[in-house]
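1. show me how the following folds:
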Amino acid sequence: MRLLTLLGTVILLAGAAAAQCVSYFPNPTIFPFPLAFTTAVTFTFTNPNGSVSSSTSSISDTTLFNDPRNQAAAVFGANGDLVFQACNNLFASQTGTVTNLNTSVPQKPLVTVTISSTGGSMSISEDAQNTVVNADGACPADCLLDTSHGTKSYQYNIATGAYTISFQGNRHFLGVDPTTGIQTEQFTQSQGSASGVWPVTISGAGLVAVIRGTPNTATIVMTPSVITSTESPYPIGAQLEPITIECQDTSGNTVPNCKIDLDYDVIEGSGGHVHNTDRPTGTFASSECSEPFVQHISCDTGTGGVAVLTYAAPEASGITETANGTVSANGQSSSFSFTINVLYDGLELASGSGLIIDTASRNHGNNNGWASHATNEALSYMASLFSDTLRAQGASPSAIPVIEIDAISLPLGGLFDYEANLIGHNWLPPHISHRFGNNADVCIKVGSDCSNGLTKKQRKVLASALKYAGFRRLVEASHWHLIGPY
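-> Below is the predicted model of the structure:
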């Protein structure tokens, strides 16, 4: 009897000490994660006679952020994964710092990584300071000073994957050219930031969201809908894409009666549109999910454990991103995300000898001028025929004008609403057919959007050249509308 009592006591204590622990790891496939930033550069030149001049410019660049799990391993070693573990829904608190000399790049920066994690909220600072002067040779030969410093910062929610990242950098160098005696001083300031949700892989919770066969994340590519145009190399009408979301346990078995929730929106500025007011997000439909779907979807899978969504793409290309996606069942939950890239693939920035491509467009920045490869080659051939014919007719090279193209398509194609600032035109034509990369406007006479004009003789030569290049033309105001190959 004493043995049974003792054994019973041991079992009870072991059961009381057991804790349910769940690990939330960032999905490693999305790292290193790119962040775009802008750098302001100021040069000051001091001549030996004391005169001073300066110039300022701005450049864009990208830096890469490491996986938070790798950062934790660097700081905490074998205990790094414990930062991402919650036992009985409680995350441990950890703080630490590590410093290393990075000899893999010429500047050989001294890098200090500091992590503070409390209650599932993680702060990471990666601070880098150069130890090698003038590693890139930008400073003049007699380089008197060269300091470069950059800091990458993370604010990261371990359980949901929500993040805010930022980069701040600066450089200051001072040097004197021994040949000219000119002193050159440079100051740069770099900054950039972004927020979003990184997909999280959950282990120990026994629940996984599988999007079209991929756990926790997926990237879906489809073409835009074509509603307001009757001419298209693609199918006309709403473009539909089925998206399945299945609840599974960690062994791959379907989990019934699962609840699915997600928010969605189009990433601002994607597809070349710099305006975002009332932007169409596309629409979802599903028999398992409650309506209306206004940037949020809530589904009950029932016994099948699967929700089948049908996404109808908008006419405007862009990237639809889900955030705060969760699947939950039996007291457990898991987060997920996916993106839908709505685009016409393979467009390239048009260019060629004898051509001017006007990339600027109202409400779309400098995102105009993208063509299919076949149309780009046809434009180049047209310009070559135009120039060769005029030269054969006796025109001097200086008298042969370049051909100005003032409209083609946006980088991802799709609806090109260049009059979005006018009432009734936001996310609607004109530019009805400038969405596939095979339509272009060529300037014939000077107008509101055209700087160059052509003489009657030059227009006749161009009409012949564009026909041989495979284009059809429509005459519109100050330009000809060309319909080319795709």
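2. low-confidence stretches in this protein?
-> Judged by pLDDT under 70, the chain has its weakly predicted residues at 1-21, 203-206, 251, 292, 323, 330-331, 448.
3. tell me the contacts of residue 39?
-> 58-61, 169, 188-190 (CB atoms under 8 Å, 6 or more residues apart in numbering). C-betas here are computed from N, CA, C, even on glycine.
4. what's the neighbour count on the residue lying closest to residue 86 once chain neighbours are set aside?
-> Leaving aside its sequence neighbours, residue 86 sits nearest to residue 22 (CB to CB, 6 or more residues apart in numbering; 5.4 Å). Residues lying near residue 22 (other CB atoms under 10 Å) number 20.
5. residue 22 and residue 88 touch, don't they?
-> No: with contact defined as CB atoms under 8 Å, residue 22 does not reach residue 88; the gap is 9.5 Å.
6. narrow the contacts of residue 39 to those that are buried.
-> Among these, those buried by neighbour count (16 or more other CB atoms under 10 Å) are 169, 188, 190.
7. give the bridge partners for the second one, please.
-> With beta bridges defined as DSSP bridges, residue 188 has these partners: residue 41, residue 171.
8. per-domain residue ranges of this protein.
-> Domain assignment of the chain by automatic domain parsing yields the ranges 21-199, 205-342, 348-483.
9. host element of residue 435?
-> Assigned by DSSP states H and E, residue 435 belongs to no helix or strand.
10. that one: neighbour count?
-> Residue 435: 28 surrounding residues under other CB under 10 Å.
11. now do residue 118
-> Residue 118 has 12 nearby residues by other CB under 10 Å.
12. so what's the closest residue in space to it that isn't next to it in sequence up against?
-> Nearest non-adjacent residue to residue 118, counting by CB to CB, 6+ apart: residue 93, 4.6 Å away. By CB under 8 Å, 6+ apart, residue 93 lies in contact with 117-119.
13. please repeat the previous calculation with a cut-off of 10 Å.
-> The contact partners of residue 93, by CB atoms under 10 Å, 6 or more residues apart in numbering, come to 83, 116-121.
14. which of these count as buried?
-> Among the contacts of residue 93, the ones that count as buried by 16+ other CB under 10 Å are 83, 117, 120.
15. what helix or strand does residue 385 sit in?
-> Assigned by DSSP H and E, residue 385 falls in helix 373-392.
16. off-centre distance for that helix?
-> The chain centre lies 34 Å from the centre of helix 373-392; the measure is CA atoms, centre = their mean, to the nearest Å.
17. mind listing what's buried in that helix?
-> For helix 373-392, a neighbour-count test (16+ other CB under 10 Å) marks 375-387, 389-390 as buried.
18. just the closest of the residues you listed to residue 424, please.
-> residue 375 (30.0 Å; CB to CB).
19. quick check, that closest one in contact with residue 349.
-> No: Residue 375 lies out of contact with residue 349 (CB atoms under 10 Å); the separation is 11.9 Å.
20. output the host helix or strand of residue 166 as PDB, restricted to C-alpha atoms.
-> When elements are assigned from DSSP H and E, residue 166 belongs to strand 162-176. Coordinates of each C-alpha in strand 162-176 appear next as PDB, following Å, rounded to 0.1, in the frame of the first residue of the first chain:
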ATOM      1  CA  ALA A 162       3.700  41.200 -37.100                       C
ATOM      2  CA  TYR A 163       6.800  43.300 -37.600                       C
ATOM      3  CA  THR A 164       8.000  46.900 -38.000                       C
ATOM      4  CA  ILE A 165      11.500  47.200 -39.300                       C
ATOM      5  CA  SER A 166      13.600  50.300 -40.000                       C
ATOM      6  CA  PHE A 167      17.100  51.200 -41.200                       C
ATOM      7  CA  GLN A 168      19.100  54.300 -40.300                       C
ATOM      8  CA  GLY A 169      22.500  55.000 -41.800                       C
ATOM      9  CA  ASN A 170      25.100  57.700 -42.300                       C
ATOM     10  CA  ARG A 171      28.500  58.200 -43.800                       C
ATOM     11  CA  HIS A 172      31.000  61.100 -43.500                       C
ATOM     12  CA  PHE A 173      34.200  61.300 -45.400                       C
ATOM     13  CA  LEU A 174      36.800  64.000 -46.100                       C
ATOM     14  CA  GLY A 175      39.700  63.800 -48.500                       C
ATOM     15  CA  VAL A 176      42.000  66.000 -50.600                       C
END
